[in-house]
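Visitor: Need coordinates for the below:
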Amino acid sequence: MEAANGPDTDLSAPGNQFAQFGAGCFWGVELTFQRIHGVTKTEVGYSQGTVNNPTYEAVCSGNTNHSEIVRVQYDPNQCSYETLLDVFWGRHDPTTLNRQGNDVGTQYRSGIYYYSPEQERAARESMETHQNTVSQNIVTEILPAKKFYRAEEYHQQYLEKGGRFHSKQSGAKGCTDPIRCYG
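Guide: All right, here's what the predicted structure looks like:
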């Protein structure tokens, strides 16, 4: 599989599984998942769009229909998919269409992109449960995961590397420090 900046594989480590989530700007979402025990790898990228090998600039133009997503690799013996869903719901506002905070555009939409019927079922049940905790309608899309295009290298672990303000944030497992969206 070709990614935005070179080869990529969909091969997970033995026994691990993949999950994909879109919840606004992928930098903070990635750091949130990095901190979860049982998550063995995170990558930010683009999925659900119509253009092969999209670039960040193309995705931001709004013309590719891609979502900024985090692809999570996790060990289901240490972290359940349901735990990842709980983290997803807690990380963003799933009731705002194509927006998270000041970030506006279809690339910032809320989405759960599943790899199996079991993930789809769990995602739908989780959304139904979460809907009972919020007053507005949830607009999160739940769709099969499409081809994943790994984002440019500078986006990977962006906040852990220091972000825009060169202020590194911890990706350590269990870290509860507040996440600063842009560094």
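
Visitor: alpha carbons only for contacts and neighbour counts from here, please
Guide: Fine.

Visitor: where does residue 165 land in three-state SS?
Guide: Assigned state for residue 165: coil (three-state reduction, DSSP: H, G, I helix; E, B strand; the rest coil).

Visitor: Same question for residue 88.
Guide: In terms of secondary structure, residue 88 is helix; the call rests on three-state DSSP.

Visitor: That one: neighbouring residues, count only.
Guide: Neighbourhood size, residue 88 [other CA atoms under 10 Å]: 21.

Visitor: Could I get the full set of strands for this protein?
Guide: With DSSP state E applied, the chain shows strands at 2-3, 6-7, 17-23, 39-47, 67-74, 99-100, 103-104, 110-114, 141-144, 149-150, listed in chain order.

Visitor: need those in CSV with mean neighbour count, distance to residue 124 and mean pLDDT, can you?
Guide: Below are those laid out as CSV (neighbours: other CA atoms under 10 Å; distance: least, CA to CA, whole Å; pLDDT from 0 to 100):
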stretch, mean neighbour count, distance to residue 124, mean pLDDT
strand 2-3, 17, 29, 36
strand 6-7, 12, 32, 36
strand 17-23, 24, 14, 98
strand 39-47, 24, 20, 98
strand 67-74, 27, 18, 98
strand 99-100, 20, 21, 94
strand 103-104, 14, 25, 94
strand 110-114, 24, 9, 98
strand 141-144, 16, 7, 98
strand 149-150, 28, 25, 98
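
Visitor: Excluding its own residues, what touches stretch 42-62? List them.
Guide: Defining contact as CA atoms under 8 Å, 6 or more residues apart in numbering, one finds that stretch 42-62 is touched by 2-5, 26-27, 30, 33-34, 64-73, 105-107, 145-152, 155-157.

Visitor: returning to that earlier point: looking at the strands of the chain, which is closest to residue 170?
Guide: Checking those against residue 170 by CA to CA gives strand 39-47 as the closest, at 14.2 Å.

Visitor: Now do the same contact list for the residue most central in space within the chain.
Guide: When CA atoms, centre = their mean is applied to the chain, the residue found nearest the centroid is residue 70 (2.7 Å). Taking CA under 8 Å, 6+ apart, we find residue 70 in contact with 20-22, 26, 29-30, 42-45.

Visitor: tell me the two of these that are most distant?
Guide: Between all members of those, the longest pairwise span (CA to CA) is found for 22 and 42 and amounts to 12.9 Å.

Visitor: ok, which stretches of the protein are helices?
Guide: Assigned by DSSP state H, the chain shows helices spanning 26-34, 56-60, 81-91, 117-131, 158-161.

Visitor: what's the longest one in contact with?
Guide: It refers to helix 117-131. For helix 117-131, the surrounding residues in contact (CA under 8 Å, 6+ apart) are 81-82, 85-86, 89, 112, 114, 137-138, 142-144.
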